[in-house]
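> Below is the sequence, then the predicted model.
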Amino acid sequence: MKLLFAPQSPFARKVRIVSIETGMHNQIKPEVVTMIPGKQSDKNSANQIPLQKTPALILDNGIVLFDSRVICEYLVGLGKQNDLIPIELNERAQVMTLHALADGMCDAAVSLRYETWLRPKSYRWKKWKDAQCAKIQAGITWVEENPNCLSGPLNLAHVALASCLGYINFRWPEAEWLVSTHSLASWYEAIENRPSFYYTRPTIAA
Ligand SMILES: N[C@@H](CCC(=O)N[C@@H](CS)C(=O)NCC(=O)O)C(=O)O
């Protein structure tokens with residue numbers, strides 16, 4: 001299998017952590033691709049991704065899987081340990097809700113990045129930028145007010161949330177997103193030391 005990904009992408013980081021946690025990483029060849037809205041993608045394999053978004057997983061039979069939620073579910077299904085997605089309906093729905101929240105925060109963060117990095121200065125719209133920050137902040141507040149969602153063994157939503165927090169801290173360290181949180185900050189500090197998280201942390205500023 002081949003994973004097309006951008007090293008800084010929080011969605012790709014989630015997939016990479018899941019691949020390690022499920023023991024599937026040894027069967028996946030990583031390939032870095034650059035996909036930026038409005039720019040030509042730099043790899044032939046990118047032609048197989050209609051939305052021009054990473055990550056994407058190319059299976060050995062040529063089938064292409066996207067997006068990150070689909071890839072994570074696939075790897076959890078294939079992998080050795082299945083605790084990342086609970087089987088019991090209500091537990092699963094709660095994990096998937098937190099997963100959706102974390103992905104929504106990532107969508108806001110990636111949009112914010114494009115707005116402040118890609119969009120020409122004269123077209124930037126402060127209200128829109130503030131609205132993306134508010135979504136990220138609201139997600140942080142929701143988790144802080146529902147600390148139970150952080151407890152229990154590692155699940156897919158934990159991976160998604162930590163990947164998102166890793167991305168916003170990496171892109172905007174000065175914003176100190178977690179400074180007024182309590183449970184979330186200490187949870188995040190601990191989880192970032194887990195080998196799969198440490199190994200995949202975003203380090204390349206691009
Ligand atoms: N919902 C998608 C989101 C993926 C996504 O937004 N990826 C970004 C990189 S972090 C991307 O490829 N952006 C390129 C574009 O929007 O054209 C997923 O979960 O995989």
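That came through fine. Nothing here was measured: the structure is a model prediction, and the numbers come from that model. Numbering: from 1, shown residues only.
> distance between whichever strand or helix holds Ala190 and the chain's centre?
Counting by DSSP states H and E, the secondary-structure element that holds Ala190 is helix 183-191. With Cα atoms, centre = their mean, to the nearest Å as the basis, helix 183-191 stands 17 Å off its chain's centre.
> ditto for stretch 99-109
Relative to the mean C-alpha coordinate of its chain, stretch 99-109 is positioned 8 Å out (Cα atoms, centre = their mean).
> Give me the contact list for it.
For stretch 99-109, the surrounding residues in contact (Cβ atoms under 8 Å, 6 or more residues apart in numbering) are 10-11, 68-69, 132-133, 135-136, 139-140, 142-143, 156-157, 160-161, 163-164, 167-168, 171. Heads up, the C-betas are built off the backbone N, CA and C, glycines and all.
> Inside helices: which ones of those?
Those of the contacts of stretch 99-109 mapping onto helices are 10-11, 68-69, 132-133, 135-136, 139-140, 142-143, 156-157, 160-161, 163-164, 167-168, 171, per DSSP state H.
> Next, the buried residues of the helix ranked longest in the chain.
Among the segments of the chain that qualify as a helix by DSSP H, the longest is helix 89-117. Of all the residues in helix 89-117, those buried under the rule 16 or more other Cβ atoms under 10 Å are 94-96, 98-99, 101-103, 105-113, 115.
> Could you pull up the contacting residues of Pro153?
Asp83 are the contacts of Pro153 under Cβ under 8 Å, 6+ apart.
> Please report phi then psi for the most far-flung residue of the chain relative to its centre.
In the chain, the residue that sits farthest from the middle, by Cα atoms, centre = their mean, is Ser122; the gap is 29.9 Å. For Ser122, the backbone dihedrals are phi -70, psi -20 (criterion: degrees, to the nearest 10).
> so what's it up against?
Contacts for Ser122 (Cβ under 8 Å, 6+ apart) come out as none.
> Distance-wise, check it relative to Gln132.
When Cβ to Cβ, to the nearest Å is applied, the distance between Ser122 and Gln132 equals 19 Å.
> ditto for Met24
Distance check for Met24 against Gln132: by Cβ to Cβ, it reads 33 Å.
> Could you do Glu91 as well?
Using Cβ to Cβ, Glu91 is found at 31 Å from Gln132.
> repeat for Lys14
Between Lys14 and Gln132 the computed distance is 19 Å (Cβ to Cβ).
> okay, those two: which has more neighbours?
The neighbour comparison of Lys14 against Gln132 (other Cβ atoms under 10 Å) goes to Lys14, with 30 against 20.
> which residue packs closest to the more buried one, ignoring adjacent ones?
In space, not counting the residues next to it along the chain, Lys14 is nearest to Ser163; the distance is 4.4 Å by Cβ to Cβ, 6 or more residues apart in numbering.
> Surely the one you found touches Gln8?
No. The pair Ser163 and Gln8 does not pass the contact test of Cβ atoms under 8 Å, sitting 10.8 Å apart.
> Cool, thanks, signing off.
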